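Engineer: build me a model:
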Amino acid sequence: MKPLRNGTKETRSHWHPSFHSHRPIIAVDFDHTITKNCSACPDWKGEFILQEGVKDSLTELNKTFDIVILSGGGNYVEDYETIIKDFLVKHGVPFDKIEVKKPPAVFLIDDRAVHHKGWKRTINEIKKRMKRGRNYE
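Structural biologist: A predicted model of the protein is given here:
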């Protein structure tokens, strides 16, 4: 395991298995990652807008990973988990679990994080990292 610049070791070789299978988990933010908007946006009109590439990307990732959808919006909207589930099912976006208890934060810091700047870049970064580390396919 190659140390990172600050001397800590990369942890991709010991990802924890999922809650119901032996596959690793990928956690994906709902608001502004799966959708282009959120319920807290000033221009919110009660309807989410799906980002391009989400369905195909998460379908591909779901072949290898269990997908947990995260959102902090549950702190502000009643029954947000059902709203998210209905939206994902309506658009055919795969998922294994939804968590709406993510604490509100300005930044999410994690040694395994992938900075989302569009689904094409995100899926390419995940593929690149899988080639470097343990392959789950």
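
Engineer: check which helices and strands the biggest helix by length in the chain sits against.
Structural biologist: Counting by DSSP state H, the longest helix found in the chain is helix 119-132. The contact analysis (3 or more CB pairs under 8 Å, 6 or more residues apart in numbering; DSSP states H and E) places helix 119-132 against helix 54-61. For glycine as for every other residue, the C-beta is placed from the backbone atoms N, C-alpha and C.

Engineer: next, the angle helix 119-132 makes with the helix it packs on.
Structural biologist: 10 degrees (axes from the mean of the first three to the mean of the last three CA atoms, to 10 degrees).

Engineer: could you identify the helix or strand that succeeds helix 54-61?
Structural biologist: Later in the chain than helix 54-61, the nearest helix or strand by DSSP states H and E is strand 66-70.

Engineer: note down every partner strand of that following strand and its orientation.
Structural biologist: Sheet pairing for strand 66-70, assigned by DSSP bridges, gives strand 25-29 (parallel), strand 97-99 (parallel).

Engineer: using CSV, write out every CA atom in the longest one.
Structural biologist: The reference is to strand 25-29. Provided in CSV are the C-alpha atoms of strand 25-29 (Å, rounded to 0.1, in the frame of the first residue of the first chain):
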residue,chain,number,x,y,z
ILE,A,25,-20.9,0.3,-0.7
ILE,A,26,-20.8,3.4,-2.8
ALA,A,27,-22.6,6.3,-1.0
VAL,A,28,-24.0,8.9,-3.4
ASP,A,29,-25.5,12.3,-2.5
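
Engineer: outside of it, which residues touch it?
Structural biologist: 15-16, 18-19, 34, 58, 61, 65-71, 96, 99, 102, 108, 116, 126 (CB atoms under 8 Å, 6 or more residues apart in numbering).

Engineer: the last one now?
Structural biologist: Strand 97-99 is touched from outside by 19, 27, 30, 66-71, 81, 84-85, 88, with contacts defined as CB under 8 Å, 6+ apart.
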